[in-house]
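**Q** I'll drop the sequence and a predicted model, then ask my questions.
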Amino acid sequence: METDEVNVSYYWNKFIECGEKCKVKGGIDFGNVEFVYLGNLTDELKNITKEAIEKKYMNKSNILYYGSAFYMPYCNISKLEVNATSVMFKDTANVTAAITYGVEKPAIVSLQILNPKGNIIYWRFADVNLTKGINVINFSYDTYHYNATFGNYTASVEVYALGCKDLSIKRNFEVRVKPDLIITSLIADPYYAYENTKINISAIITNQDYGDAKNVSVKFYLDRKRNESLIYSKTMDLKAWNQAFINFSIENLSAGWHSVYLIMDEENKINESDEENNELVIGILVERENITSNISDLIIANLTPSKTNLLINEKI
């Protein structure tokens, strides 16, 4: 028997019109190539057409026709994953699709990202060479550059290749938000003082991102970042785009240079968009009290001699 090659689009449409009853679940394995087919094939017809299908299909872009059967490669998207069930705002979402194909042929794979309203906000195409077996295709989607909303998103992948018409798969993922804690101000007043002077320490901390921060630990250390050097601590909640003011005083510092360290989220329990801006240090110079300077400040307010009329060389 002879095998005829036929126009792809015509018989592909015939195959689609036939519907699900024409598709063989999992495809038919002709040795090295898997196919779905339209029509009825006996074991005898399978054996007769096996070699022709394998050789001719690998070199042509047409569906092979034999008797009442049309052959197309088996195609399926076996997996679609986003890198996590949720992606923090400003992170990159990595989308991975696994496409099972029956032959080696070029194909186009598209990724669509739909926002919570169902609108397509990102659409990308990739030219790939599918091989027999499982093909892994990777896409990335930057959640910051293409939207500024949060909620449930949908990743949709479609495959454009012979045997893969109308083949798509969808997965939902959530775009959430992160806080970003930053020290806006840290001031010692005065920063130059004498011993026994009370020094006021004030700080402003800011959450400069879209996520709320809960149970933020705020710690101040004197001279070294150790527990025994802790001089003030506080735990607070800080909503997105809000600030908090902290004020306390220290005294009885010894003469010399001192450092005051402010550290937020020291235990790194809060997932932030920037983890490198949670610490700040300032210096304070303390000097011993200067007695000489105190004497020079004395003022003679009133001096009255015991005698007003004096003789030469007379003492008073």
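**A** Looks like it arrived, so ask away.
**Q** For the rest of this, base every contact and every neighbour count on C-alpha atoms.
**A** Noted.
**Q** For A148, give me the pLDDT.
**A** The model reports A148 with a pLDDT of 53.
**Q** make that G31, sorry
**A** So G31 comes in at 46 (pLDDT).
**Q** Please apply the same query to V177.
**A** With respect to pLDDT, V177 has a value of 83.
**Q** Wait, it touches F89, no?
**A** Yes - at 4.7 Å, V177 and F89 qualify as touching, with contact defined as Cα atoms under 8 Å.
**Q** Need the overlap of contacts for these two.
**A** Counting by Cα atoms under 8 Å, 6 or more residues apart in numbering, the contacts common to V177 and F89 are F150.
**Q** For the helix or strand harbouring I231, list every residue counted as buried.
**A** For I231, the host element (DSSP states H and E) is strand 230-238. Applying a neighbour-count criterion of 16 or more other Cα atoms under 10 Å, one finds 230, 238 buried in strand 230-238.
**Q** Just the C-alphas of that strand, formatted as PDB.
**A** Provided in PDB are the C-alpha atoms of strand 230-238 (Å, rounded to 0.1, in the frame of the first residue of the first chain):
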ATOM      1  CA  LEU A 230      21.700  47.000  74.800                       C
ATOM      2  CA  ILE A 231      20.500  50.400  76.100                       C
ATOM      3  CA  TYR A 232      17.000  50.500  74.600                       C
ATOM      4  CA  SER A 233      14.600  48.100  72.800                       C
ATOM      5  CA  LYS A 234      11.100  48.200  71.500                       C
ATOM      6  CA  THR A 235       8.700  46.000  69.400                       C
ATOM      7  CA  MET A 236       6.200  47.600  67.100                       C
ATOM      8  CA  ASP A 237       3.900  47.200  64.000                       C
ATOM      9  CA  LEU A 238       4.600  49.500  61.100                       C
END
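**Q** Packing partners of it?
**A** Contacts defined by 3 or more Cα pairs under 8 Å, 6 or more residues apart in numbering; DSSP states H and E place strand 230-238 against strand 213-222.
**Q** Next, the angle from the strand it packs on to strand 230-238.
**A** Strand 213-222 runs at 160 degrees relative to strand 230-238, counting by axes from the mean of the first three to the mean of the last three Cα atoms, to 10 degrees.
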